[in-house]
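> With the input below, show me the fold.
(one chain, ligands or ions: 2)
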Amino acid sequence: MPVSSSTPVSTVTVGPIEGSSKQYRTLPGADGGADLHVPFRRIALTNGDHHDVYDTSGPYTQYTAEDQLHDLAEGLPKTRDAWSTPAPVDGASTQLAWARAGIITDEMRFVAAREGFDPEKVREEVASGRAVIPANRKHPELEPAIIGKAFAVKINANIGNSAVTSSIAEEVEKMVWATRWGGDTIMDLSTGKDIHETREWIMRNAPVPVGTVPIYQALEKVKGDPTKLTWEIFRDTVIEQCEQGVDYMTVHAGVLLRYVPLAANRVTGIVSRGGSIMAAWCLAHHEESFLYTHFRELCEILREYDVTFSLGDGLRPGSIADANDEAQFAELRTLGELTKIAKSYGVQVMIEGPGHVPMHKIVENVRLEEELCEEAPFYTLGPLATDIAPAYDHITSAIGAAIIAQAGTAMLCYVTPKEHLGLPNRDDVKTGVITYKIAAHAADLAKGHPGAQSRDDELSKARFEFRWVDQFNLSLDPDTAREFHDETLPAEPAKTAHFCSMCGPKFCSMRISADVRAYAEEHNLVTQEDIDAKLAADMAAKSQEFADAGGRVYIPLEPSRA
Ligand code: IRN
Ligand code: FE2
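Ligands and ions are numbered 1, 2, ... in the order given. Here you go, the predicted model:
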């Protein structure tokens with residue numbers, strides 16, 4: 001057991017999301033292995049129908065009361081341990097190696113069922129390197145997910161303490177909270193104290209893939225002085241985190257010594273934490289980055305656990321002025337070179353991307369990444385489409401995120417309203433997740449992901465038919481939708497009323513449309529010509545009435561004093 005006896009975590013948020021229930025579909029396991037339980041969320045509708053959606057929240061939303069919560073110190077059931085594991089292929093026990101050998105693993109079948117795809121399609125995408133399934137064999141609590149442009153766009157939520165704030169309890173709750181609202185993966189970016197223990201609590205209770213940036217913990221080990229870092233300290237930190245079950249790791253191996261001067265004249269220099277740590281090391285030693293020179297050894301370690309590389313963008317632009325510059329694209333070319341090396345070891349790879357990029361320069365990022373990195377899944381931070389709105393950077397970045405996801409980005413790293421200002425709290429985490437679900441889903445619609453639009457259609461039908469409760473429950477955030485509605489119309493009958501407080505009963509366009517339909521039925525008007533003719537006749541009568549009344553649009557309420 002992971003953790004010290006002084007249990008710092010008391011409880012986390014449990015209970016179903018409003019109007020829905022957590023359910024599992026059972027698939028028989030391969031080769032006599034245990035059954036697979038594929039999660040989804042069923043939203044019950046007031047008209048007797050239901051609508052099922054992808055669910056990332058683990059059993060926390062299945063528990064209906066707090067006393068059903070598993071012992072957090074024990075962690076979630078280790079279900080994946082009972083799944084079957086194929087024999088290694090050329091020394092590699094990774095999803096990539098198996099996919100290339102034509103083997104469909106339980107993880108592939110699980111994600112195929114989860115997304116409504118054919119398992120063979122999943123295998124092909126993984127084999128080509130266009131998709132990854134980050135699933136460390138030491139993370140048996142995981143419900144696997146696939147990240148690749150052929151699949152639903154995924155979102156990551158960053159959590160983690162810093163030297164100044166937050167406790168283990170808060171971080172575990174942030175993980176549960178972020179996945180409750182749709183976070184597909186979380187990254188533990190802790191830099192303060194108790195990094196190992198915090199991560200252990202998160203790992204053992206995380207139903208989603210967990211990512212980290214191991215250089216942060218390595219830096220803690222040398223008391224925050226980047227020049228004291230060594231390959232050995234970094235390597236041992238990576239092994240420590242692999243052993244804990246981390247599923248993917250950001251490695252800033254593309255920040256080369258010769259690229260550092262390229263950032264000198266930028267408006268915002270190097271904004272990546274990992275990038276600036278490695279740049280400081282390279283300059284201090286005047287040597288090539290140990291992440292680059294030892295990259296093959298790193299591949300061997302990650303292969304051992306099937307940990308996925310997330311090759312970091314240490315030279316990403318941190319401002320509109322620096323977007324798409326030589327420093328950024330030089331690093332991307334190196335990431336392309338490293339992608340090929342990692343894949344030659346059978347290690348899965350994704351590529352991290354910007355940052356801050358104006359809208360007209362966004363698509364170029366995807367085009368280049370695909371060309372240089374063999375279409376490895378792109379994983380971007382926004383990008384922010386403008387620099388001028390601190391406190392609203394979830395929005396500035398969701399604009400860029402929607403565009404870059406439509407162009408082919410596979411996963412979006414969320415940005416919260418606290419970006420550039422402070423460590424996000426629980427509310428910020430939810431706002432970031434919901435905002436990024438909007439960007440990701442908007443991109444799924446634009447890309448024609450099968451099944452994406454059905455939720456829009458269901459919600460629109462509910463809206464048109466004044467099924468208010470269904471409209472709330474089909475939404476990404478039922479609690480806030482209901483709260484906003486009830487702010488002005490709290491009475492229960494308003495949940496079936498044919499209007500809301502925005503336009504009131506007289507001016508509701510939805511109601512008027514419904515009236516037109518009723519009118520057509522009432523007058524037995526079958527064809528469009530019938531309707532047009534009847535409307536024309538009624539209009540003529542109305543306009544005569546208007547002319548007879550004086551033909552004025554504004555009828556003064558009081559006699560004019562002018
Ligand atoms: C994603 C894309 N580009 C950067 N990211 C995320 O930024 C990365 O996955 C990690 O969560 C976070 C911190 O990165 P830096 O600042 O150390 O590069
Ligand atoms: Fe920024």
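
> Spatially central residue for this protein, please.
With distances taken as Cα atoms, centre = their mean, Ile155 lies nearest the centre of the chain, 1.1 Å away.

> you'd agree it is in a strand?
Yes: according to DSSP: H, G, I helix; E, B strand; the rest coil, Ile155 belongs to a strand.

> which of the residues in stretch 303-320 are buried?
By neighbour count, with 16 or more other Cβ atoms under 10 Å as the criterion, the buried positions of stretch 303-320 are 303-320. Backbone N, C-alpha and C define where each C-beta goes, glycine included.

> any bit of that stretch sitting next to ligand 1?
Yes: under the criterion of Cβ under 6 Å from any ligand atom, ligand 1 is reached by stretch 303-320 at Ser310, Gly312, Asp313, Gly314, Arg316.

> and the chain, which residues reach ligand 1?
158, 187, 189, 213, 250, 272-275, 310, 312-314, 316, 352-353, 379-381, 413.

> run the last query once more with 8 Å
Residues of the chain lying close to ligand 1 (Cβ under 8 Å from any ligand atom) are 156, 158, 187, 189, 211, 213, 215-216, 250, 252, 271-275, 277, 310, 312-314, 316, 352-355, 379-381, 413.

> follow-up on the earlier one: turn the residues of stretch 303-320 next to ligand 1 into CSV, including secondary structure and pLDDT.
Putting these into CSV (DSSP: H, G, I helix; E, B strand; the rest coil; pLDDT from 0 to 100) gives the following:
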residue, secondary structure, pLDDT
Ser310, strand, 98
Gly312, coil, 98
Asp313, coil, 98
Gly314, coil, 98
Arg316, coil, 98
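
> okay if I get those as a markdown table plus distance to Lys221?
Shown next, in a markdown table, are the residues of stretch 303-320 next to ligand 1 (distance: Cβ to Cβ, whole Å):
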| residue | distance to Lys221 |
| --- | --- |
| Ser310 | 21 |
| Gly312 | 19 |
| Asp313 | 24 |
| Gly314 | 20 |
| Arg316 | 25 |
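
> what's the closest of these to Leu45?
Of all these, Ser310 has the smallest distance to Leu45: 38.8 Å, by Cβ to Cβ.

> what pairs with that closest one across the strands?
Beta-bridge partners of Ser310, counted by DSSP bridges, are Thr250, Met350.

> Quick check: it touching Gly353?
No: using Cβ atoms under 8 Å, Ser310 makes no contact with Gly353, being 10.6 Å away.

> where do the contact lists of the two overlap?
Tyr379 (Cβ atoms under 8 Å, 6 or more residues apart in numbering).

> Can you say which of the residues of the chain next to ligand 1 are buried?
Buried, going by 16+ other Cβ under 10 Å: 156, 158, 187, 189, 211, 213, 215-216, 250, 252, 271-275, 277, 310, 312-314, 316, 352-355, 379-381, 413, out of the residues of the chain next to ligand 1.

> what ranges of the stretch 51-200 of the chain fall below the confidence cut-off?
162-166 (pLDDT under 70).

> And the residue of it closest to ligand 1?
Using Cβ to the nearest ligand atom, the single residue of the stretch 51-200 of the chain nearest to ligand 1 is Met187, 4.3 Å away.

> Let me know the helix or strand that that residue is in.
Secondary structure from DSSP states H and E places Met187 in strand 185-188.

> So which residues of the stretch 451-562 of the chain form helices?
452-464, 468-473, 478-488, 509-522, 528-548 (DSSP state H, counting those that start in this stretch).

> whoops, I mixed them up, the stretch 1-150 of the chain
Taking DSSP H, counting those that start in this stretch as the criterion, the stretch 1-150 of the chain carries its helices at 95-100, 106-115, 119-128.

> Looking at the ones you listed, which is nearest to Val14?
It is, among those and with distance given as Cβ to Cβ, helix 106-115, at 22.0 Å.

> That closest one packs against which elements?
Under the contact criterion of 3 or more Cβ pairs under 8 Å, 6 or more residues apart in numbering; DSSP states H and E, helix 106-115 touches strand 20-27, strand 36-44, helix 95-100, helix 119-128.

> could the ones you listed be laid out in JSON lines, adding mean neighbour count and distance to His523?
As requested, the helices and strands packed on helix 106-115 are exported to JSON lines (neighbours: other Cβ atoms under 10 Å; distance: least, Cβ to Cβ, whole Å):
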{"stretch": "strand 20-27", "mean neighbour count": "15", "distance to His523": "41"}
{"stretch": "strand 36-44", "mean neighbour count": "19", "distance to His523": "37"}
{"stretch": "helix 95-100", "mean neighbour count": "25", "distance to His523": "62"}
{"stretch": "helix 119-128", "mean neighbour count": "20", "distance to His523": "51"}
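
> re earlier: can you list the buried residues in whichever helix or strand comes after the strand holding Met187?
Using DSSP H and E, the next helix or strand after strand 185-188 towards the C-terminus is helix 195-204. By neighbour count on 16+ other Cβ under 10 Å, the buried set for helix 195-204 is Ile195, Thr198, Arg199, Glu200, Trp201, Ile202, Met203, Arg204.

> now swap in stretch 482-490 and tell me
Arg482, His485.

> can you give me how far it is from the chain middle?
Centroid separation for stretch 482-490 versus its chain: 28 Å, with Cα atoms, centre = their mean, to the nearest Å.

> what does stretch 426-440 give?
8 Å.

> How about stretch 99-118?
Computed by Cα atoms, centre = their mean, the chain-centroid distance of stretch 99-118 equals 21 Å.

> Need the distance between the two termini of it.
14 Å (Cα to Cα, to the nearest Å).

> quick one: contacts of that stretch?
25, 27, 29-30, 33, 36, 38-40, 54, 83-84, 86, 89, 95, 98, 119-124, 126-127, 133, 135, 143-146, 150-152, 346, 450-451.

> Kindly check the end-to-end length of stretch 398-412 for me.
End to end - Cα to Cα - stretch 398-412 spans 9 Å.

> Run through who's touching it.
Counting by Cβ under 8 Å, 6+ apart, 131, 147-149, 151, 153-156, 184-185, 350, 353, 357, 359, 362-363, 365-367, 370, 377-380, 382-385, 415, 435-436, 438-440, 442-443, 446-447 sit against stretch 398-412.
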